[in-house]
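Trainee: what would the 3D arrangement of this be:
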Amino acid sequence: VKIQEGCNQVCAYCIVPKVRGRERSIPPEEIIDEINRYAALGFKEVVLTGTQLGSYGFDLPGLSLTRLLAQILSETDVPRLRVSSLQPQELLDDLVGLWEDRRLCPHFHLPLQSGSNAVLKRMRRRYTSRQYADAVDTVRRALADVSVTADVVAGFPGETDEEFEETLSLCNEIGFADIHVFPYSVRPGTSAAHYDAQVVSETKARRVQALLELAELQTARFRKRQAGKVRPVLWEQGRRSEGSSLWTGLTDNYIKVSCRSGLDLANRITPARLGKYEEGLVH
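Mentor: Below you'll find the model as predicted:
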């Protein structure tokens, strides 16, 4: 469910502000009506999407993302709400405090892009590496077993070996549940397309590979730490195999799991004890 469109932030590498325009918030009554329609149809999870969710409500008097989430929790009964993405500087205590309601999934996607303050400044991001780490600490203090995922860009113009090592170091320090890795690519019409010192393809490829290897390690490490714990799982699909069905679904903290069951688990949320992690799934 889209709650917001457009972006005012104009990061140096991003074309979104030009193609989607200025930020604008969808009125809360429209959002709540849409969520209630989906709930009436049997949907068990709603993901709130937009370009800059943390800016929600700046153009609607008296509104904010915190107030919207509180209103959704009060006026809908959909079992699960997931917030698709937030910026680290937006994780204020009153917002994070709403996650005491277990309908809000303990999964925060916080785009990092770089662990180097110099690169973040060239990107025109609005936080430092330390502010980012502090934001992660905020959600981890508030929520046990919270999943924190990130986007990271490799090879932004001018990125030196030392600056890339700062990114690797910060990612190692934080220990993500997953990292989405992107090589920098030129977008005509953006500031970064005109920057000097574009990083050569071979260097970008090496850096992407290093980040992918780290992401794989951290993904496995997070999931292995969950072994033996019980989490609610929304079962999404099943296929017949060896006299029973093999079901797959997602935990509230965004772990893909599978189990065998003769029951019809489709679109049900059940508790599940997590086991081994292998081949991208927890069994």
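Trainee: I figured R239 was touching S245, is that so?
Mentor: Yes: using Cβ atoms under 8 Å, R239 makes contact with S245 at a distance of 6.5 Å. Every C-beta, even on glycine, is put in place using the N, C-alpha and C of the backbone.
Trainee: look at those two and report which has more neighbours.
Mentor: S245 (19 against 8; other Cβ atoms under 10 Å).
Trainee: what's near enough to touch that one?
Mentor: Applying Cβ atoms under 8 Å, 6 or more residues apart in numbering to S245 gives the contacts G238, R239, R260, S261, G262, L265.
Trainee: any chance of the residues you listed in CSV, plus pLDDT?
Mentor: As requested, the contacts of S245 are exported to CSV (pLDDT from 0 to 100):
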residue, pLDDT
G238, 88
R239, 84
R260, 91
S261, 90
G262, 87
L265, 95
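Trainee: give me the helices and strands touching the longest strand seen in the chain, please.
Mentor: Secondary structure assigned by DSSP state E gives strand 230-241 as the longest strand of the chain. With contacts taken as 3 or more Cβ pairs under 8 Å, 6 or more residues apart in numbering; DSSP states H and E, strand 230-241 sits against strand 244-251, strand 256-261, strand 269-273.
Trainee: return the most buried member of the ones you listed.
Mentor: Of all the helices and strands packed on strand 230-241, strand 244-251 has the most neighbours on average by mean count of other Cβ atoms under 10 Å, namely a mean of 19.
Trainee: pLDDT on it, on average?
Mentor: Mean pLDDT, computed over strand 244-251, is 93.
Trainee: strands paired with it, and their directions?
Mentor: strand 230-241 (antiparallel), strand 256-261 (antiparallel) (DSSP bridges).
Trainee: out of the ones you listed, which comes closest to A40?
Mentor: Closest to A40 of the strands paired with strand 244-251 is strand 230-241 (Cβ to Cβ; 17.6 Å).
Trainee: list the buried ones in the closest one?
Mentor: Going by neighbour count (16 or more other Cβ atoms under 10 Å), the buried part of strand 230-241 is R231, P232, V233, L234, W235, E236, G238.
Trainee: will you turn the residues you listed into JSON lines that also has distance to Q113?
Mentor: Formatted as JSON lines, the buried residues of strand 230-241 follow (distance: Cβ to Cβ, whole Å):
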{"residue": "R231", "distance to Q113": "29"}
{"residue": "P232", "distance to Q113": "31"}
{"residue": "V233", "distance to Q113": "31"}
{"residue": "L234", "distance to Q113": "30"}
{"residue": "W235", "distance to Q113": "34"}
{"residue": "E236", "distance to Q113": "30"}
{"residue": "G238", "distance to Q113": "38"}
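Trainee: quick one, helices of the stretch 151-283 of the chain?
Mentor: All helices of the stretch 151-283 of the chain, identified by DSSP state H, counting those that start in this stretch, fall at 161-174, 201-225.
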